[in-house]
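Visitor: A predicted structure for the sequence below; I have some questions about it.
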Amino acid sequence: MAETKHNVVMIPFMAQGHIIPFLALALQLEQRKGCTVTFVNTPLNIQKLRSSLPRNSSIHLLEIPFNSSDYGLPPDTENTDSLPHDLILNFLQSSLALKPVFRKLISDLVHESCGQPPVCIITDMFFSWCAEIAHEFGIFHAIFCGGGGYGFACCFSLWLNLPHRNTDSEEFTLPDFQEASKFHATQLTKHLRNADGRDSISVFQRKMLRGWYNADGILMNTVEELDKLGLTYFRRKIGRPVWPIGPALLSSRTRAGKATGIAPDVCEKWLDTKPLNSVLYISFGSQNTLSESNIVQLAMALEASSVNFIWVVRPPLGFDINSEFKAKEWLPEGFEERIKASGRGLLVQKWAPQVEILSHGAIAAFLSHCGWNSTLEALSCGVPIIGWPQAAEQFYNAKFLEEEIGVCVEVGRGLTCEVRHDAIARKIELVMNETEKGIEMRRRACDVRDMMKEAIKAEKGFVGSSAKAMDEFLNAAMLMRKDIDTSTRVPNGEVLKQLCPCRDG
Ligand SMILES: O=c1ccn([C@@H]2O[C@H](COP(=O)(O)OP(=O)(O)O[C@H]3O[C@H](CO)[C@@H](O)[C@H](O)[C@H]3O)[C@@H](O)[C@H]2O)c(=O)[nH]1
C-alpha cells in the first residue's frame, strides 16, 4: 500500500534572508519520512527557485500572484534585494495583500487533496496573519523565525514596550527581558527610535508581532544550547511551544535563485593560494550596504592592516544596490590596482558564493552586518565575527555574540555612523592576529561549531537537541491531524467534510 504523505505548506517573506532559511528547512523536511513540501511564493521568486532546487528534490513550488505596482512600488518588485532601503517597509506592508490570495490557495489545496489536506502551514514571522487561515481549515500553524532567539526577543520586547520612550537617558533596559542587560539608543533603527506606538510603523509591527500569540508553535533557526536566553523569553512570553531546529543552512550547491558575481571555483582557487586562517571575508548580507564615506574608511583600513580579504562590494547607501559598483568613484584612488598587483584582495560584485567562502580553511574572520543566516554560516565553520550591524535585529545579534558567546567584536553600528579607518584596522588586527582575544574568539567559535553539529545529529541512538525539536514539532502537527481525523471537526467547530466533500470516499 502506498505510504500516506503529509503535506507541509511553507511561505516565507520575499527576501533572500528569509527565503534561504525556509528553503533549507524545506529541504530538511522533505527528507523526513512521510513528508512532502509545498513551497509558496510570488512568481519571480518561484521562477528563480526552480533552477536552484536539487534535481532529485520533490518540493512542489507554487506561485501566489502579487503585483508590486498596485502598492506604489517599482514594477516587478518581488524581493527586498531589488529595493532601496527606504522602501522595504512599504514592501512589507504591501505583503498584507497576500492574505486573500493565500486563503484561496489553501482552500484549493484542501479541496484538491481530498482526505489529505496539508498537515501544517509554516509561515514567515512577518506573516502571522496566516494563523487565521490555517485554523479556519483546521490546519496546524507554525511561525518559522529565520532569526535567532536572543536577537528577536530584543526586537519583540522593544517594539511592544518602547522602553526608550520612558527615559531621557541614552541607556535603558527591557522590562520583560532584563537578562539582556543594557541597551543604547544607537542600537535602535530610525523607525524604532521615533516610534510612539501610534505611528503607522509601530501599529504594523505590533500587530504582526502580537499575531505570534495565535500560532500553534514557533520554529526558530537556532540551537537550544546556544540560545537559551532568547528561547526562554519566547516560551515565557508566548506560552506556546518554541522549537529550536537550527541551524537550517543551505549547502554550497543550493543558491536560492541568485547568480554569483564570481564563479565559485575561481574564488576557491584564489583562496587555495592563501595560507590557513589568513583571509578576512566582508559582506553585509542580501540588502544592506555602507555609506560612501565608510566604504572609503574600510578600504583604507584594509590597506593599513595588510590582511588578505574578499570583499563583496555594493554601491553605497542612496544608490541602487544592484547597479554596477564604480570602483574608481567609490574607492580610494588606485585602491583596485594596488590590491590586484599585490594579490591581497578580491572584490566581488553583487553576490558571492558565501557558504563556500566561509567553509574554506583560509578564512580567519568575517566582517559582517550580523544577519542571522550569515552568523550561523560563519559559526558553523568556526569563524569569528567582526560585527557592523546595520538594521533590524542585527544590533542585538552583535550584542549577543559579543557579550554572551564571545565570538564577536563590534566595529560600527547603524547606517549613519562614521567609523574611522584606524579603528577598523585595530579591530581587524585584534581578531585576525595571534592576540589573546583573537585566539579566544576562534576557540569559542569552534566550540559553537561543534555544538551545532551535535544539535542536528541523529544517528546510532543519539538524537541532538535540534533533531529532537524537529520530531516534537512534527508530532504536534500530526497530533492535531489525528484529532481532526477522529472527530472530523476542525478546532473552530466547522465540519471538515464540508471543506472536503469526498472525504468519506
Ligand atoms: O553575496 C552574498 C550575500 C549574501 N549571501 C547569503 O544571503 C544570506 C543573507 O542572510 P543574512 O545574513 O541573514 O542577512 P539579510 O539578508 O540581511 O537577512 C535578513 O533576514 C535575517 C534572518 O531573519 C535577519 O537576521 C537580518 O537582520 C535581515 O536583514 C546568507 O545566507 C548569505 O550566505 C550570499 O550567499 N552572497
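Guide: Arrived safely.
Visitor: Run through the residues that contact the nearest residue to residue 21 once chain neighbours are set aside.
Guide: Nearest residue to residue 21, sequence neighbours excluded (C-beta to C-beta, 6 or more residues apart in numbering): residue 146, at 3.8 Å. For glycine as for every other residue, the C-beta is placed from the backbone atoms N, C-alpha and C. Counting by C-beta atoms under 8 Å, 6 or more residues apart in numbering, residue 146 touches 12, 17, 18, 20, 21, 22, 124, 125, 221, 372, 373.
Visitor: Among those residues, which lie within strands?
Guide: Counting by DSSP state E, the contacts of residue 146 place residue 124 in strands.
Visitor: Can I get the contacts of residue 146 in a markdown table including pLDDT?
Guide: Below are the contacts of residue 146 laid out as a markdown table (pLDDT from 0 to 100):
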| residue | pLDDT |
| --- | --- |
| 12 | 98 |
| 17 | 93 |
| 18 | 96 |
| 20 | 95 |
| 21 | 97 |
| 22 | 98 |
| 124 | 98 |
| 125 | 95 |
| 221 | 98 |
| 372 | 98 |
| 373 | 96 |
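Visitor: Neighbour count and distance to residue 395 for the contacts of residue 146 - can I get that in JSON lines?
Guide: Shown next, in JSON lines, are these (neighbours: other C-beta atoms under 10 Å; distance: C-beta to C-beta, whole Å):
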{"residue": "12", "neighbour count": "27", "distance to residue 395": "23"}
{"residue": "17", "neighbour count": "21", "distance to residue 395": "15"}
{"residue": "18", "neighbour count": "25", "distance to residue 395": "19"}
{"residue": "20", "neighbour count": "27", "distance to residue 395": "21"}
{"residue": "21", "neighbour count": "27", "distance to residue 395": "20"}
{"residue": "22", "neighbour count": "25", "distance to residue 395": "24"}
{"residue": "124", "neighbour count": "23", "distance to residue 395": "21"}
{"residue": "125", "neighbour count": "24", "distance to residue 395": "17"}
{"residue": "221", "neighbour count": "26", "distance to residue 395": "18"}
{"residue": "372", "neighbour count": "26", "distance to residue 395": "12"}
{"residue": "373", "neighbour count": "24", "distance to residue 395": "16"}
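Visitor: wait, which of the contacts of residue 146 is closest to the ligand?
Guide: Using C-beta to the nearest ligand atom, the shortest approach to the ligand within these belongs to residue 17, at 2.2 Å.
Visitor: got a list of what the closest one touches?
Guide: Contacts of residue 17 were listed using C-beta under 8 Å, 6+ apart, and they are 80, 146, 285, 286, 287, 371, 372, 373.
Visitor: Wait, residue 60 touches residue 30, no?
Guide: No: with contact defined as C-beta atoms under 8 Å, residue 60 does not count as touching residue 30 (9.7 Å).
Visitor: Show me the contacts of residue 146 that map onto helices.
Guide: Here DSSP state H is the test, and the contacts of residue 146 give 17, 18, 20, 21, 22, 372, 373 as lying in helices.
Visitor: Which neighbouring elements make contact with the top helix by length along the chain?
Guide: Assignment by DSSP H gives helix 465-487 as the longest helix of the chain. Helices and strands touching helix 465-487, by 3 or more C-beta pairs under 8 Å, 6 or more residues apart in numbering; DSSP states H and E, are strand 6-11, strand 140-145, strand 217-220, strand 242-244, helix 436-456.
Visitor: go again using 7 Å as the cut-off
Guide: strand 140-145, strand 217-220, strand 242-244, helix 436-456 (3 or more C-beta pairs under 7 Å, 6 or more residues apart in numbering; DSSP states H and E).
Visitor: and that helix, which residues are buried?
Guide: The neighbour-count check on helix 465-487 (16 or more other C-beta atoms under 10 Å) flags 465-470, 473-474, 476-478, 480-481, 484 as buried.
Visitor: List the contacts of residue 245.
Guide: Residues in contact with residue 245 (C-beta atoms under 7 Å, 6 or more residues apart in numbering) are 219, 466, 469, 470, 473.
Visitor: Show me how this structure divides into domains.
Guide: 6-149+205-250+461-488, 258-454 (the TED database).
Visitor: now those in TSV, with distance to the ligand?
Guide: Below are the domains of the chain laid out as TSV (distance: least, C-beta to the nearest ligand atom, whole Å):
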stretch	distance to the ligand
domain 6-149+205-250+461-488	2
domain 258-454	2
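Visitor: re the thing from before, give the residues shared as contacts by residue 60 and residue 30.
Guide: Common neighbours of residue 60 and residue 30 (C-beta under 7 Å, 6+ apart) are 36, 37.
Visitor: ok so, going back, in TSV: the ones in helices among the contacts of residue 146, plus distance to residue 141.
Guide: Shown next, in TSV, are the ones in helices among the contacts of residue 146 (distance: C-beta to C-beta, whole Å):
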residue	distance to residue 141
17	22
18	17
20	22
21	18
22	15
372	22
373	23
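Visitor: Widest-spaced pair of those?
Guide: Taking C-beta to C-beta as the measure, the ones in helices among the contacts of residue 146 span a maximum distance of 12.9 Å, between 22 and 372.
Visitor: Model confidence for the residue nearest to residue 59 when sequence neighbours are not counted, exactly?
Guide: With sequence-adjacent residues excluded and distances taken as C-beta to C-beta, 6+ apart, residue 59 is closest to residue 37, at 4.7 Å. For residue 37, the model assigns a pLDDT of 97.
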